[in-house]
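Asker: Structure, please.
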Amino acid sequence: MEEQKSSSNKKIITGVLIALLVALSVYTFKQNSDFKASEEFLKQEKEQILGNLTSMEEKYDVAIAKNSSLSDELTTERDKIVAFKDSVKNLKNTNWSLVRRYRKKVKELEESNERLFFMNDSLTIVNNLLVVEKDSITGELVAQTSFNDTLIAQNLDLSKKVEIGGALNVSTVNATAMRLKSNNKYEATNKAQKTQAIRVNFRLEQNEIATPGDKEAYIVIQNPSGTVISEKGTFTLKNGDEVPYTDQTVATYNNADLDVVMFVENITQKFVKGNYSVKVYVEGKLVGVSKLELKDAFLGL
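Answerer: Residues are numbered from 1 along each chain as shown. Okay, the predicted model is just below:
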């Protein structure tokens, strides 16, 4: 009797264990399926973000090819998209937090797209209207010389104001490596081992409808590995991001061309051979990029 009872208990325990194993297998399979589905969805989100960025980049290429007065600003914005797209491509692991942050960044870039393309399209429309107006005025030049001269001047003035917009622009950024001579005077060099300071100069271009006054300018110099050299602190971009900077100055702008020179010395880091990135920001906006190439000082070359 006892043996039959023991055998019955074993069968019950065995049945319970089998049921638990089956339940565990089903749960494990479901969890694995959910994980794969989530991973595939995140992968699709990443591809969609890359697709949006590629589409924006192509639109900028078309706009830049028109060679309008906004080409420099369009190029700067296009370069931001290319850099952001590269960071998305190189991302190995994707999670919901990154997807949300990247979606926000794409939205900001799309908003910048709308503003610049609207300005660019407005310039095209104004220019086309001016051509038509000019042809019409030319046909009546004999009878309406005085009126036509006034109308042409007004149209050209309107076109120029639309063209330049209200944003500050910077012409070519120049960066020069400097070494201190025995007479305590600096001279230019292209040798990494001899570099002790860096001189950066650029020009704030004339803008008749920009707001005059003090403008904060920052330069960010990065070595070939991407590290900011001689970091003095951080500043805030228009989008709220904090960026470390190499040097800062305040330029008093009065709507005319203004040359700005920034001289970075007392640099503790050692310079190495390679390309150094030099970026200029004015009022929290990237307005110019350049590079500085330093070489080895071997064989007196």
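
Asker: Ser290: which element?
Answerer: strand 285-294 (DSSP states H and E).

Asker: Could you list every helix and strand in contact with that strand?
Answerer: Strand 285-294 is packed against helix 71-89, strand 174-180, strand 274-282, with contacts defined by 3 or more C-beta pairs under 8 Å, 6 or more residues apart in numbering; DSSP states H and E. From N, CA and C alone the C-beta is placed, and that goes for glycine too.

Asker: The same query, at a cut-off of 10 Å, please.
Answerer: helix 71-89, strand 174-180, strand 197-204, strand 213-222, strand 274-282 (3 or more C-beta pairs under 10 Å, 6 or more residues apart in numbering; DSSP states H and E).

Asker: buried set for that strand?
Answerer: 286-288, 290, 292, 294 (16 or more other C-beta atoms under 10 Å).

Asker: And the furthest pair within the residues you listed?
Answerer: Distance extremes for the buried residues of strand 285-294: the farthest pair is Val287 and Leu294 at 24.2 Å, using C-beta to C-beta.

Asker: how about low-confidence regions in the stretch 101-250 of the chain?
Answerer: Applying pLDDT under 70 to the stretch 101-250 of the chain picks out residues 101-103, 105-166.

Asker: Let me see the ranges of the strands in it.
Answerer: For the stretch 101-250 of the chain, the strands defined by DSSP state E, counting those that start in this stretch occupy 174-180, 186-188, 197-204, 213-222, 233-236, 242-245, 247-253.

Asker: among those, which is the most enclosed?
Answerer: strand 197-204 (a mean of 20; mean count of other C-beta atoms under 10 Å).

Asker: these two touch, right, Glu77 and Met56?
Answerer: Yes - counting by C-beta atoms under 10 Å, Met56 is a contact partner of Glu77 at 8.9 Å.

Asker: need the strands of the stretch 101-250 of the chain in JSON lines with distance to Val280, can you?
Answerer: Below are those laid out as JSON lines (distance: least, C-beta to C-beta, whole Å):
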{"stretch": "strand 174-180", "distance to Val280": "10"}
{"stretch": "strand 186-188", "distance to Val280": "20"}
{"stretch": "strand 197-204", "distance to Val280": "6"}
{"stretch": "strand 213-222", "distance to Val280": "6"}
{"stretch": "strand 233-236", "distance to Val280": "12"}
{"stretch": "strand 242-245", "distance to Val280": "10"}
{"stretch": "strand 247-253", "distance to Val280": "11"}
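
Asker: wait, which of those strands is closest to Tyr281?
Answerer: Of the strands of the stretch 101-250 of the chain, nearest to Tyr281 by C-beta to C-beta is strand 213-222, at 4.5 Å.

Asker: can I get the CA coordinates of that closest one in CSV?
Answerer: C-alpha atoms of strand 213-222 as CSV (Å, rounded to 0.1, in the frame of the first residue of the first chain):
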residue,chain,number,x,y,z
GLY,A,213,26.0,95.5,-30.6
ASP,A,214,28.3,93.1,-28.7
LYS,A,215,28.5,89.6,-30.2
GLU,A,216,30.0,86.7,-28.4
ALA,A,217,32.4,84.7,-30.5
TYR,A,218,34.0,81.4,-29.6
ILE,A,219,36.6,79.2,-31.3
VAL,A,220,36.9,75.4,-30.8
ILE,A,221,40.2,73.9,-31.9
GLN,A,222,40.4,70.1,-31.9
